[in-house]
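A.B. asks: 3D, please:
(one chain, ligands or ions: 1)
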Amino acid sequence: MPPKNRKVAVMGYRSVGKSSLCIQFVDGQFVDSYDPTIENTFTKKLKVRGQEYGLELVDTAGQDEYSIFPAQYSMDIHGYVLVYSITSEKSFEVAQVIYDKILDMMGKVTVPVVLVGNKNDLHMERVVSTDQARKVADTWKAVFLETSAKQHEAVSDIFTRVILEIEKADGNSSPEGKCFIS
Ligand SMILES: Nc1nc2c(ncn2[C@@H]2O[C@H](COP(=O)(O)OP(=O)(O)OP(=O)(O)O)[C@@H](O)[C@H]2O)c(=O)[nH]1
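C.D. replies: Below is the predicted model of the structure:
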């Protein structure tokens, strides 16, 4: 079975940890310093349910609610990882604004999305509850995960799940992920 190439955009408000999640996933490291991203591409091979994938991750510049959605992120992208920080209500709102823009740009009712609440290690600073975010993800029929790029918590799950969502959108699995045909 030849590898399948899939391209995923990682989007969200500034400083929520988009680059940190990509770097932790691809290189297995956490960088404490903050260097705003313009755009970066990472590639990684991974195996999901017996199928090899060549994953291309586009780590995008931080957006806010007024940003114009960059047209290049609506073409040629198979799935999206929308990241907010559990310590920032604003970043949670921006993730929802970006989601609406994606649907608008793609002209679709659903797209493969994983909603990620990052910085899960900062318990004392939490302002976005797990329930609140899960409800939003449920209305999108999207996967929801809380992660910590710092503590390497649930980071690889993001990318496995986005691949499974892409396969699901292509009609290659049941909603529960059973009877997967690759
Ligand atoms: N405590 C904690 N800090 C994190 C975590 N992930 C990222 N950070 C820190 O948050 C800051 C921003 O991280 P980045 O990965 O650069 O964020 P970004 O979303 O790529 O930022 P932009 O490029 O501006 O969009 C850095 O100082 C990181 O070290 C995390 O899981 N926990």
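
A.B. asks: Can you give me every residue that contacts the spatially most central residue of the chain?
C.D. replies: Residue closest to the average C-alpha location in the chain (C-alpha atoms, centre = their mean): V81, at 1.4 Å. Residues in contact with V81 (C-beta atoms under 8 Å, 6 or more residues apart in numbering) are 8-11, 21, 113-114, 116, 158-159, 162. C-betas here are computed from N, CA, C, even on glycine.

A.B. asks: Among these, which one is most surrounded by other residues?
C.D. replies: V116 (33 neighbours; other C-beta atoms under 10 Å).

A.B. asks: Count the residues that sit near Q72.
C.D. replies: Using other C-beta under 10 Å, Q72 has 12 other residues around it.

A.B. asks: Next: A71.
C.D. replies: Neighbours of A71 (other C-beta under 10 Å): 8.

A.B. asks: Tell me, what's the model's pLDDT at it?
C.D. replies: According to the prediction, A71 has pLDDT 88.

A.B. asks: Within the helices and strands, which one has K45?
C.D. replies: Take DSSP states H and E as the rule and K45 turns out to sit in strand 39-48.

A.B. asks: Packing partners of that strand?
C.D. replies: Strand 39-48 sits against helix 18-27, strand 51-60, helix 155-169, with contacts defined as 3 or more C-beta pairs under 8 Å, 6 or more residues apart in numbering; DSSP states H and E.
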